[in-house]
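A.B. asks: One predicted model, sequence on top.
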Amino acid sequence: MISEMQIHTIARQMMEKHGLTAIAQAAHNAQACESKGDIEEAKEWRHIEDAMKMMRGPHQS
């Protein structure tokens, strides 16, 4: 299990490297893990995805 600090570090690094497409990449990684039956790793990717969404801030219309 990845610590909360590691989750946010990974999320920040992915956002710096890939911008907003990092969120889609994390979601894709989670789906790939789910399809392989690796539920724990999928949960970690969902957590990373959620952390990046928080960093991005709210949607504006």
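C.D. replies: Thanks, I have it. Numbers count the residues shown, from 1 in each chain.

A.B. asks: State the number of residues packed around the closest residue to H47 other than its chain neighbours.
C.D. replies: Counting by CB to CB, 6 or more residues apart in numbering, H47 lies nearest to I7, which is 5.2 Å off, once chain neighbours are set aside. From N, CA and C alone the C-beta is placed, and that goes for glycine too. By other CB atoms under 10 Å, 17 other residues sit near I7.

A.B. asks: Would you agree I7 is in contact with E44?
C.D. replies: Yes: using CB atoms under 8 Å as the test, I7 is close enough to E44 to be in contact (7.3 Å).

A.B. asks: before we move on, the earlier item: what about the residue nearest to H47, helix or strand, and which?
C.D. replies: helix 4-18 (DSSP states H and E).

A.B. asks: elements contacting that helix?
C.D. replies: Counting contacts by 3 or more CB pairs under 8 Å, 6 or more residues apart in numbering; DSSP states H and E, helix 4-18 packs against helix 21-36, helix 39-56.

A.B. asks: residues making contact with the last one?
C.D. replies: It refers to helix 39-56. 1-2, 7-8, 10-12, 14-15, 20, 22-23, 26-27, 29-31, 33-34 (CB atoms under 8 Å, 6 or more residues apart in numbering).

A.B. asks: so that helix versus helix 21-36, what angle?
C.D. replies: Inter-element angle recorded for helix 39-56 and helix 21-36: 160 degrees (by axes from the mean of the first three to the mean of the last three CA atoms, to 10 degrees).
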